[in-house]
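In: Next come a sequence and a model predicted from it.
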Amino acid sequence: MSEQEPPKIEFPCPDYPIKVLGEAGDALYALVMDVMDEHAPGFNRSRVKVKDSGKGRFQSVTVYVTATGIEQLDTIHKALRANPIVKIVL
């Protein structure tokens, strides 16, 4: 079997989705908005989606940004993961 290569991303990449899973509450949403304002200014706030888990303990926050490069995406992921309420960043 040959290994499949991951898809190549061409930058700038409009509508790049970032999904953050973490502990439910206003703090998660505020954190995601703060990080995006700092590292992806001008992202479309009207497309932000918040979804609760079945039992309401966790939430996912999905945002769409214009990704400018790998460095920007790495910085966003590190900034989000630095907070203990964040469990996964996709």
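Out: Received it, and whenever you're ready, just let me know what you need. Since we're looking at a predicted model, the values are computed, not measured. Numbering: from 1, shown residues only.

In: What ranges does this structure have for its strands?
Out: Counting by DSSP state E, the chain has strands at residues 13-23, 49-52, 58-67, 86-89.

In: closest to F43 out of these?
Out: strand 58-67 (4.5 Å; CB to CB). Quick note: C-beta positions are derived from backbone N, CA and C, even for glycine.

In: the inter-axis angle of the closest one versus strand 13-23?
Out: If you take axes from the mean of the first three to the mean of the last three CA atoms, to 10 degrees, strand 58-67 sits at 160 degrees to strand 13-23.

In: Quick one: distance of strand 58-67 to the chain centre.
Out: How far strand 58-67 lies from its chain's middle: 4 Å, per CA atoms, centre = their mean, to the nearest Å.

In: Can you pull out the residues in contact with that strand?
Out: 9, 11-25, 28-29, 32, 36, 40, 42-44, 47-53, 73, 76, 87 (CB atoms under 8 Å, 6 or more residues apart in numbering).

In: strand partners of that strand, parallel vs antiparallel please.
Out: As defined by DSSP bridges, the strand partners of strand 58-67 come to strand 13-23 (antiparallel), strand 49-52 (antiparallel).

In: Deepest-packed of those, please.
Out: A comparison of those by mean neighbour count, using mean count of other CB atoms under 10 Å, puts strand 13-23 on top with a mean of 16.

In: Count residues in the vicinity of the closest residue to A27 other than its chain neighbours, would you?
Out: Distances taken as CB to CB, 6 or more residues apart in numbering put I85 closest to A27, at 5.8 Å, once the chain neighbours are dropped. I85 has 15 neighbouring residues, counting by other CB atoms under 10 Å.

In: Nearest residue to the middle of this structure?
Out: In the chain, the C-alpha nearest the mean C-alpha coordinate belongs to I18, at 3.0 Å (CA atoms, centre = their mean).

In: Run through the bridge partners of it.
Out: Counting by DSSP bridges, I18 is bridged to V63.

In: My guess is it contacts V89. True?
Out: Yes - judged on CB atoms under 8 Å, I18 makes contact with V89 at a distance of 7.0 Å.

In: shared neighbours of those two, which are they?
Out: Residues touching both I18 and V89 (CB under 8 Å, 6+ apart): I76.
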